[in-house]
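Peer 1: Quick one, structure for this:
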Amino acid sequence: MTDTPDVPTPEEIEALFTRADGTFLCARWGRPIAPVVFGVDDATLGTVKAAFEAVAELAGHPIAETDPELGANVMMFFVRAWDELPAVPNLDRLIPGLDDLVARLSAAEANQYRVFRFDEDGAIRACFVFVRMDEALSDVPAETLALGQVAQLMVLWSDTAFTDRAPLGQLSDGRVVLRPDVGAVIRAVYDPVLPVVSTEPAHALRLHARITAGRLA
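Peer 2: Numbers count the residues shown, from 1 in each chain. Model prediction:
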């Protein structure tokens, strides 16, 4: 089967949702996204908000000012060092084992981490995003960093989905945008015809069919 660059093959789609342990899991948000961002200035806050709006529009999924149950269901923290996290009021209540997590992230010299919560149907209910602005990320433009983070929380990707290739790509004029194939998968995952969550690898075939149908429409 031959696909154009913005139409990934079923095998490529399956790989995006197949975890390191071999299990397949694809899930989307089951409620409007209500984000809040900590640790940035007003200008960067506007940039992050624009990234949420762009990716949500692509998915056809709503953004809300507040979540009726949680207040904010996306919390994005930008820090300079992981040991800043335990000082955030009440964060240990939201993230059990926070001290151990901080120790693991520090030991691994990680610069980003995401924690998802799910509702009883398996849809994404909440997401906590932690970004440590190390030397590498500090050199990344705010628009690029924000777009990449939002793309990675919009769908429950595999833990290895973007190990070898980032979800973003660069146009000939130098602008950084969401890769067309990644954008097509996000749009397909949010097709209301499809279930909010699937653990069956055959779901990749359904996603591929929706992407192809969208190109032919």
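Peer 1: buried sites along the helix or strand of the chain with the lowest mean pLDDT?
Peer 2: The weakest-scoring helix or strand in the chain, judged by mean pLDDT, DSSP states H and E, is helix 203-216 (a mean of 87). Neighbour counts over helix 203-216 (16 or more other CB atoms under 10 Å) mark His203, Ala204, Arg206, Leu207, His208, Arg210, Ile211 as buried. For every residue, glycine as well, the C-beta is placed using N, CA and C.
Peer 1: May I have the lengthiest helix in the chain exported as CSV, CA atoms only?
Peer 2: As assigned by DSSP state H, the longest helix anywhere in the chain is helix 42-59. Taking Å, rounded to 0.1, in the frame of the first residue of the first chain, the C-alpha atoms of helix 42-59 are listed here in CSV:
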residue,chain,number,x,y,z
ASP,A,42,1.8,36.8,29.8
ALA,A,43,3.2,36.8,26.3
THR,A,44,4.1,33.1,26.4
LEU,A,45,0.7,32.4,28.0
GLY,A,46,-0.9,33.8,24.9
THR,A,47,1.2,31.7,22.7
VAL,A,48,0.3,28.5,24.6
LYS,A,49,-3.4,29.5,24.5
ALA,A,50,-3.1,29.9,20.7
ALA,A,51,-1.6,26.4,20.4
PHE,A,52,-4.5,24.9,22.4
GLU,A,53,-7.0,26.7,20.1
ALA,A,54,-5.3,25.6,16.9
VAL,A,55,-5.0,21.9,17.9
ALA,A,56,-8.5,21.8,19.3
GLU,A,57,-9.9,23.3,16.2
LEU,A,58,-8.1,20.7,14.1
ALA,A,59,-9.6,17.9,16.2
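Peer 1: list the helices and strands it packs on?
Peer 2: Judged by 3 or more CB pairs under 8 Å, 6 or more residues apart in numbering; DSSP states H and E, helix 42-59 is in contact with strand 35-38, helix 142-154, helix 180-189.
Peer 1: out of those, which comes closest to Glu14?
Peer 2: Among the helices and strands packed on helix 42-59, helix 180-189 comes nearest to Glu14, with 10.9 Å by CB to CB.
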